[in-house]
Structure formats: C-alpha cells, structure tokens
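Enquirer: pasting the structure only:
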C-alpha cells in the first residue's frame, strides 16, 4: 500500500524533490560554514521550504490538468513561475532590501533552492508531457 503511493507522479516527484533539496541544503550549509558565514540567516530555511511547496503544487496542477487543458499547460507552468516571483517579492525581497543592498548570501539563499526546484520541476514536467 505504502509503495503504491509512489506510483502517483506528484508524490513520486515530491519525495525525489525533497531528498534533492535536503542534499543541496546540506551542501549549501557546508559552503556557508566553510566561508564562516551565518548558517541560518537570510531566511534560508523558508526559501527551501517555500520553493519545495511551490514546485510541488505547480507540478501537481500540471499533472491534474494534463489531459483536460493540454493546450494551456505552458501557460499554467508560466503562471507557476509568476507565483514564485510574487512569493519572492512578498516574503523575501523586503527583508533582503532592508539595508538597501542585496548581499550575495541573501541572493543565493533564495536562488539556489529556486533554481534546483525549477530544474527538477521542468525536467519532470517535460517527461510527463512527452508521454501524452
């Protein structure tokens, strides 16, 4: 029963994305530690969590509507990207820009999980859509 859950593409994607982001998060923290930067500053945990949730939601929507709105899936994907930008400007940008300068660590705290999630989401979505 438990393993049959992984047959659902969204759950399978969510599990794989979770472990990928945990691995990247560990690497990210290791690099910050070696550079003697604060590990949990710049809303890094929130960035990883929100990017995971948004990628999972967007993929779930694409998977749910892959046959009904086949011609509009590209627009759904772009709407998901717009949603990610809105989340960035609501939850991260005001805090990063508070000192009127976005530091490299602040930028990377959001961009690394964003890029990893986007690449994973795009790769899996393309494979899913090619099977239609």
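Expert: Sure thing, it's come through. On a predicted model such as this, the values are computed, not experimentally measured, just so you know.
Enquirer: for residue 47, see how far away the residue nearest to residue 65 when sequence neighbours are not counted is.
Expert: Taking CB to CB, 6 or more residues apart in numbering as the measure, residue 65 lies nearest to residue 76, with 6.6 Å between them; neighbours along the chain are not counted. Any C-beta I mention is one placed from the backbone N, CA and C, and that applies to glycine too. From residue 76 across to residue 47, the span is 23 Å (CB to CB, to the nearest Å).
Enquirer: list the contacts for residue 95?
Expert: residue 43 (CB atoms under 8 Å, 6 or more residues apart in numbering).
Enquirer: hmm, who's touching stretch 11-19?
Expert: Contact with stretch 11-19 is made by 5-6, 52, 55-56, 59, 117, 120-121, 124, as judged by CB under 8 Å, 6+ apart.
Enquirer: so which bits of the helix or strand where residue 124 lies are buried?
Expert: Counting by DSSP states H and E, the element that carries residue 124 is helix 104-130. The neighbour-count check on helix 104-130 (16 or more other CB atoms under 10 Å) flags 105-106, 108-110, 112-114, 116-118, 120-121, 124-125, 128 as buried.
Enquirer: lowest-confidence one in those?
Expert: Per-residue confidence over these reaches its minimum at residue 128, where pLDDT is 80.
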